[in-house]
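K.L.:
I would like to see how this sequence folds:
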Amino acid sequence: MLLAQADALVEGERDLIANAANLSALAAMSLRDLNWVGVYLRRGDELVLGPFNGKPACTRIAFGHGVCGTAAAERRTVVVPDVHAFPGHITCDPASRSEIVVPLLDGAEVIGVLDVDSPLVDRFGDAERALFERLARLLVAASDARKD
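P.N.:
Predicted coordinates for the structure are as follows:
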């Protein structure tokens, strides 16, 4: 159901910011036990805060730093069952306990990341990983990627 709604939201819209905003809002309102859903966009060798739902967040994250920067630098999804056990975790909201970050890949190029936090430890399993990876692919495919 969520993926069908996501398809409908991005249909005919090519703007990355608009699509990221709508998909972040859809995930935040449709899934339980989330406290932050959003996108960071690549600007050079860092990620800059984009559309999100949740409390104010870190504005810039360097590649290789924190969960988001690690996912971007390694071009892979990172699932963290307990963020307090992740070396170098960047705390934006101390209520967040688990996190999943999916790189937004345009071919081999990282254009950003989809970042999702939960106040529950071990919130994200295989089903959520598959869902968020599909949402990330949909976002990139439906949008005109912004380049530096």
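
K.L.:
CA atoms only for the longest helix along the chain, dumped as CSV, please.
P.N.:
Longest helix of the chain, by residue count under DSSP state H: helix 126-142. Presented in CSV, the C-alpha positions along helix 126-142 are these (Å, rounded to 0.1, in the frame of the first residue of the first chain):
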residue,chain,number,x,y,z
ASP,A,126,14.8,-7.0,6.6
ALA,A,127,11.2,-5.9,5.7
GLU,A,128,12.0,-2.2,6.5
ARG,A,129,15.3,-2.4,4.8
ALA,A,130,13.6,-3.7,1.6
LEU,A,131,10.9,-1.0,1.9
PHE,A,132,13.3,1.9,2.4
GLU,A,133,15.6,0.7,-0.4
ARG,A,134,12.7,0.6,-2.8
LEU,A,135,11.6,4.1,-1.7
ALA,A,136,15.1,5.4,-2.3
ARG,A,137,15.2,3.9,-5.8
LEU,A,138,11.8,5.3,-6.5
LEU,A,139,12.9,8.8,-5.4
VAL,A,140,16.0,8.8,-7.6
ALA,A,141,14.2,7.3,-10.6
ALA,A,142,11.3,9.7,-10.4
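
K.L.:
Listing request: residues of this protein with sub-threshold pLDDT.
P.N.:
Within the chain, the ranges that satisfy pLDDT under 70 run 146-148.

K.L.:
the strands in it, which residues?
P.N.:
36-43, 46-54, 60-62, 78-80, 98-106, 109-118 (DSSP state E).

K.L.:
what's the fourth one packed up against?
P.N.:
Meaning strand 78-80. helix 66-74, strand 98-106 (3 or more CB pairs under 8 Å, 6 or more residues apart in numbering; DSSP states H and E). To be clear about C-beta, it is placed using only N, CA and C from the backbone, and glycine gets the same treatment.
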